[in-house]
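Novice: when you get a sec, could you give me coordinates for this:
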Amino acid sequence: MANTAKFNRQEVLQKATWLFWQRGFHATSTRDLQQATNLRPGSIYAAFGSKSGLFKEALRFYAQNRTELLQQCIDGGKTTIGGLRTYFRHMLLDGDANTPNELCLLAKAISELDESEEELLGEARTLLAAHGAKFRQYVEEAMANGELSEDTDSDLLARQLQVQMIGLRTFLRATADRAAVEHMILKLFDSATARTTG
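Specialist: Numbers count the residues shown, from 1 in each chain. This next block holds a predicted model:
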């Protein structure tokens, strides 16, 4: 009979993701991961192949959670633009105070990894690009709904949203000026808005 994992994989991924996000890939040791996840020595290798294998799954876990949250915000918004603004507010202003939110995990991984870690770096870039594609999808949806001007460059605006998310995280970390961030979120789409949206 094949051995079956005697742990909750989602729970392990959640704890490992948090640790990688706090410390980074290189500064997180296998012992750190064992202590954080309560896995016995060797279990990480049995379940994930290596620390790199666990990190890759943690990146995917993080990206999937972000995608699901974005979809929830869109579904719950009166307008697509309103849903996008809600997503920004949640990511920047409504999270746990202990969240290491100066960078998203994907951006942090890309800034930390070098070209010799091609597989992990490629995974992080692919996942970040996929999230950008979701932004573009919703920008195009907003254009189709008349919320954004029909001549909006959807690729450019989607990239700008990703850059603004990273920049606003850094600004908030540096200044703790939540009111300024709230105001900037409200103004995110001003240059492309065809009419007032909620």
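Novice: touching, A36 and L19? I think so.
Specialist: Yes. Look at A36 against L19 with Cβ atoms under 8 Å: they come within range, at 4.8 Å. Glycine gets a C-beta too; all of them are placed from N, C-alpha and C.
Novice: out of those two, which sits in the busier spot?
Specialist: Between A36 and L19, counted using other Cβ atoms under 10 Å, L19 has the larger neighbour count: 20 against 17.
Novice: now do the more buried one against T28, distance only.
Specialist: Going from L19 to T28 by Cβ to Cβ, to the nearest Å gives 6 Å.
Novice: what about the helices in the protein?
Specialist: For the chain, helices defined by DSSP state H occupy the ranges 9-23, 30-37, 43-48, 51-76, 80-93, 105-112, 118-144, 154-175, 178-186.
Novice: how about low-confidence regions in this protein?
Specialist: Within the chain, the ranges that satisfy pLDDT under 70 run 1-6, 41, 95-102, 192-198.
Novice: I'd like to know how many residues surround the spatially closest residue to L84 that is not a sequence neighbour.
Specialist: Nearest residue to L84 in three dimensions, chain neighbours excluded: Y138, at 6.0 Å (Cβ to Cβ, 6 or more residues apart in numbering). Residues contacting Y138 under the criterion other Cβ under 10 Å number 22.
Novice: what do you get for the one 10 residues further on?
Specialist: Neighbour count for L148, taken as other Cβ under 10 Å: 24.
Novice: ok, E119 touching G53?
Specialist: No. If you go by Cβ under 8 Å, E119 and G53 don't touch, sitting 9.8 Å apart.
Novice: same drill for those two, tell me which one is more crowded.
Specialist: A direct count of neighbours by other Cβ under 10 Å for E119 and G53 places G53 higher, at 15 against 11.
Novice: how close does the more buried one get to E112?
Specialist: Distance of G53 to E112, given as Cβ to Cβ: 17 Å.
Novice: same question, A58
Specialist: As judged by Cβ to Cβ, A58 and E112 stand 13 Å apart.
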